[in-house]
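>>> starting from these lines, generate the structure:
(one chain, ligands or ions: 1)
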Amino acid sequence: MIPSTEDIEGFPRLLHGADYNYEQWLDFPQILDDDLALMREAEINVLSVGIFSWSMIEREEGIFHFDWLDGCFEQLYKNKQKIILATPSGSKPAWLSEKYPEVSQMTVNGTRQPHGGRQNHCRTSPEYRKACTRINTALAKRYGTHPALILWHVSNEYNGMPCYCPWCLTAFRAWLEKRYVTIDALNAAWYTTFWSHRFSSWEQIYPADSSIHALMLDWQRFTSDQTIDFFLAECEPLRRITPDIPVTTNFHGPDVGLDYHKFAQYVDVISWDSYPEWHKTPDDEDAAVKAGFLYDMQRSFLGKPFLLMESSPGAVNWQGVSKKKRKGMHILSSLQAVAHGSDSVQYFQWRQSRGGTEKFHDAVVTHFNTNDTRIFHEVAKTGSILKRLASITGTNKESQAAVVYDFQSNWVLDNAQLPRNVGKNYQKECISHYSAFWKAGISCDVIGAEHSDFSKYRILVLPMLYMLREETAEKIRRFTDNGGVVVSGFLAALVNENDLCYQGGTPGGLTDVFGISVEETETIADYESLIFSMNGQKQKAFHYADHIRVLGAQVLGSFDESENGLPAVTVCKYGKGAAYYICTRTEQEFKDQFFRDLCAQYSVNPSVPWNIPKGVSVQKRNEVVFIMNFNNNEVDIPIGKNEYINLPENASVCRTITLPPYGLIIVKLAR
Ligand code: GAL
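Numbering: from 1, shown residues only. A predicted model of the protein is given here:
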């Protein structure tokens, strides 16, 4: 865990910082001097340095030039800033690719990628690993005891882009052999009798046959595992030489081909790069819900605060259209991360580059090159708010509800060829379930199926959990038996962890818990919807509708007789708990009402007892309540005879909180 900022001398507060690409400005000493004053003015207390510095540090093999980085450390230290030091493996120097071509990834056709770009190294190459160990060792020895250093930032945004070089293929085959032991066991697990795909030796396996879904799933698992293994190899000298400096790597995406639930187990602190698409549509609620979902995922990985390692203070330059943040949005979006459990607000990047592909990506200090810019003022204001929020540092959030987001199930669902393949939209489906909790002001974790403990929750939501491991099925059974409330969406548990279909009805292994068995799934075309009724109201069903046979469940909602007349929503008492099944994709309003009612029924309470208007998010972190307006218009929140929060002094007699467009207030719980 990153030392609480309370424990760091001179740091009794949340981190506020940025990527600082100091090496781009070495020929401009005046700019470096100006930066220090500007950082103080913006209340910046931490900088991430060295992220893409390899070719500046090690200009030829084994010859290090630390003078400029020493200068950077000294200047920032004197300026009372802390440093997050990156290892530079995200982008390799040209001499390395030239001397050891194996460090570059190979495409599926066996062609070596040309040098350039970034994040495209081979994770298995012994030469790349050796080179990373050499530079990471040198960095750890030189800066490991520097008083400014607080955290290692290992590499930058690892991804799951596959490499098909001989090193990777050999490692993959060894990974398979460890998993299956015999080729016969592999053939059985992969169902290779289909289309005559039986293998008789490990060497025959090449991970490019998308018709063998289990092969592709294992290849994705291997690529993710190999990235974790590469990360651990990078960490080895850091953890050996500087055991007291925690380690992170910045997660992003999140669907970048890595199983982050597994990866998270190996980092000391989670850090996240967040780039929501603000103002892309007239209404920002969806973008805010998605950002909240992703923040809650980061917090849930290890059940503790995370760091917002990167965010843009303005527009980015890699989206089709990226809007400038409207007035208020910068502070609101930054504090949103804190409300969901971040202990920092950090930016990409401190100073806007003059050249390179990111020269038109906004930064704290833009090409306008002064402190008198809209962006700079908003960043400085964010810094002053973070300073006042010191007491929140290190505190957590409590959630009684959780939505399961399973990376591997998403991979295998993506590969699956179903009767309906367009618009599977796993991530969207998970977010729309989470959205119901967000709108109701009910804290909700976003957890994994494999690595997370379900027992601490009251309500567990499994949207579209297509692949279900047998151990997870057992966990769900125990959870429900012990009094938990589980809600499953459609297409649940069709396949096991080898992508083999469950026989005898789904959700596989859990038909008795849900008291239903799905016989088949109906495909609904884009031009149509089916109608089901629940609590006297007609509801629309889209895209998929499971045909349910009732085995003991109570039917809560059914399709119209004119359609198939089958159950749409069921509940089954199991042990001390209850298992709900919603067999189709519903409208958002249905989910909002369903989960509001469910939470009321099972005493899962919102942070505040008021009706929360559309586009407003209320998040409670420890004793602090964040009330955030993502609407581009003023909103009144009627709080009645409020007894829950300490209102700001000038508002103590009011019965309404008024928030300006993109405004927020942060208040303490009254008790
Ligand atoms: C991130 C990356 C940064 C920078 C930023 C631009 O994904 O880590 O280095 O490229 O995007 O938005």
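>>> near the ligand, which residues of this protein?
Of all the residues in the chain, those in contact range of the ligand (CB under 6 Å from any ligand atom) are 156-157, 252, 273, 275, 310, 312, 316, 348, 358, 361. Backbone N, C-alpha and C define where each C-beta goes, glycine included.
>>> among the residues you listed, which ones are in strands?
Among these, DSSP state E puts 273, 310 in strands.
>>> okay, now residue 433: neighbour count?
By other CB atoms under 10 Å, 26 other residues sit near residue 433.
>>> wait, residue 61
There are 12 residues near residue 61, going by other CB under 10 Å.
>>> ok, now residue 608?
Residue 608, neighbours per other CB under 10 Å, totals 19.
>>> surely it forms part of a strand?
No. Assigned with DSSP: H, G, I helix; E, B strand; the rest coil, residue 608 falls outside any strand and is coil.
>>> contacts for stretch 194-208?
108, 162, 164, 169, 172-173, 176-177, 183, 186-187, 190, 192, 209, 211-212, 215-216, 218-219, 222 (CB atoms under 8 Å, 6 or more residues apart in numbering).
>>> PyMOL command to pick out the buried ones of those residues?
Burial among the contacts of stretch 194-208 is assessed by 16 or more other CB atoms under 10 Å; the matching PyMOL selection reads:
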select buried, resi 162+164+169+172+173+176+183+186+187+190+192+212+215+216+218+219+222
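>>> residue boundaries of the strands in the stretch 451-600 of the chain?
Along the stretch 451-600 of the chain, counting by DSSP state E, counting those that start in this stretch, strands occupy 459-462, 485-488, 516-523, 530-534, 537-550, 554-559, 567-574, 577-582, 584-586.
>>> now tabulate these in JSON lines and tack on mean neighbour count and mean pLDDT.
Compiled in JSON lines, the strands of the stretch 451-600 of the chain are given as follows (neighbours: other CB atoms under 10 Å; pLDDT from 0 to 100):
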{"stretch": "strand 459-462", "mean neighbour count": "26", "mean pLDDT": "98"}
{"stretch": "strand 485-488", "mean neighbour count": "25", "mean pLDDT": "98"}
{"stretch": "strand 516-523", "mean neighbour count": "18", "mean pLDDT": "97"}
{"stretch": "strand 530-534", "mean neighbour count": "18", "mean pLDDT": "98"}
{"stretch": "strand 537-550", "mean neighbour count": "18", "mean pLDDT": "98"}
{"stretch": "strand 554-559", "mean neighbour count": "18", "mean pLDDT": "98"}
{"stretch": "strand 567-574", "mean neighbour count": "22", "mean pLDDT": "98"}
{"stretch": "strand 577-582", "mean neighbour count": "25", "mean pLDDT": "98"}
{"stretch": "strand 584-586", "mean neighbour count": "25", "mean pLDDT": "98"}
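>>> before we move on, back to that, the contacts of stretch 194-208 in helices, which ones?
Using DSSP state H, the members of these that fall in helices are 169, 172-173, 176-177, 183, 186-187, 190, 215-216, 218-219, 222.
>>> nearest to the ligand: which residue in the stretch 51-200 of the chain?
The minimum distance from the stretch 51-200 of the chain to the ligand, using CB to the nearest ligand atom, falls at residue 157 (4.6 Å).
>>> please read the previous query as pertaining to the stretch 301-450 of the chain.
residue 348 (4.3 Å).
>>> quick one, what contacts that residue?
Contact partners of residue 348, counting by CB under 8 Å, 6+ apart, are 18-19, 273, 310-312, 361, 363.
>>> circling back: filter the residues of the chain next to the ligand to the buried ones?
Here, 16+ other CB under 10 Å leaves 156-157, 252, 273, 275, 310, 312, 316, 348, 358, 361 buried among these.
>>> adding pLDDT, write those out as TSV.
As requested, those are exported to TSV (pLDDT from 0 to 100):
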residue	pLDDT
156	98
157	98
252	98
273	98
275	98
310	98
312	98
316	96
348	98
358	97
361	98
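>>> could I get those residues as JSON lines with distance to residue 82?
JSON lines is the format used below for those (distance: CB to CB, whole Å):
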{"residue": "156", "distance to residue 82": "19"}
{"residue": "157", "distance to residue 82": "22"}
{"residue": "252", "distance to residue 82": "23"}
{"residue": "273", "distance to residue 82": "19"}
{"residue": "275", "distance to residue 82": "24"}
{"residue": "310", "distance to residue 82": "17"}
{"residue": "312", "distance to residue 82": "22"}
{"residue": "316", "distance to residue 82": "26"}
{"residue": "348", "distance to residue 82": "18"}
{"residue": "358", "distance to residue 82": "24"}
{"residue": "361", "distance to residue 82": "24"}
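>>> which one of those is nearest residue 332?
The closest of those to residue 332 turns out to be residue 312 (CB to CB; 14.0 Å).
>>> so the closest one touches residue 362, yeah?
Yes. If you go by CB atoms under 8 Å, residue 312 and residue 362 touch, sitting 5.8 Å apart.
>>> circling back to that earlier point, nearest to residue 294, of the contacts of residue 348?
residue 273 (10.0 Å).
>>> for the nearest residue to that closest one once chain neighbours are set aside, what are its contacts?
Spatially, and ignoring its direct neighbours in sequence, residue 273 is nearest to residue 310 (3.8 Å; CB to CB, 6 or more residues apart in numbering). Listed by CB under 8 Å, 6+ apart, the contact set of residue 310 reads 19, 250, 252, 273-275, 346-348.
>>> point out where this structure drops to low pLDDT.
Applying pLDDT under 70 to the chain picks out residues 1-12, 647-654, 671.
>>> repeat the analysis, applying 90 as the threshold.
1-13, 562-564, 609-610, 623, 638-657, 667-671 (pLDDT under 90).
>>> can you give me the distance of residue 262 to residue 228?
7 Å (CB to CB, to the nearest Å).
>>> which residues of the stretch 351-500 of the chain fall in helices?
With DSSP state H, counting those that start in this stretch, the ranges of helices along the stretch 351-500 of the chain come out as 374-388, 407-415, 426-440, 470-481.
>>> tell me what the first one is packed against?
Spelled out, that is helix 374-388. Where contact means 3 or more CB pairs under 8 Å, 6 or more residues apart in numbering; DSSP states H and E, helix 374-388 is packed against strand 15-20, helix 329-339, strand 344-347.
>>> okay, these, which one's buried deepest?
Highest mean neighbour count among those (mean count of other CB atoms under 10 Å): strand 344-347, with a mean of 28.
>>> for that one, which strands pair with it and how are they oriented?
strand 15-20 (parallel) (DSSP bridges).
>>> pick out the most distant pair among the contacts of residue 310.
Among these, 252 and 347 lie farthest apart (CB to CB), at 14.5 Å.
>>> check which residues of the helix or strand harbouring residue 30 are buried.
Here residue 30 sits within helix 29-41, counting by DSSP states H and E. Neighbour-count burial for helix 29-41 flags 31-32, 34-36, 38-39 (criterion: 16+ other CB under 10 Å).
>>> just the closest of those to the ligand, please.
Nearest to the ligand among the buried residues of helix 29-41, with distances taken as CB to the nearest ligand atom, is residue 35, at 18.4 Å.
>>> any idea how many residues pack against residue 247?
By other CB under 10 Å, neighbour count at residue 247 equals 21.
>>> wouldn't it be in contact with residue 240 here?
No. Taking contacts as CB under 8 Å, residue 247 lies outside contact range of residue 240: 11.7 Å.
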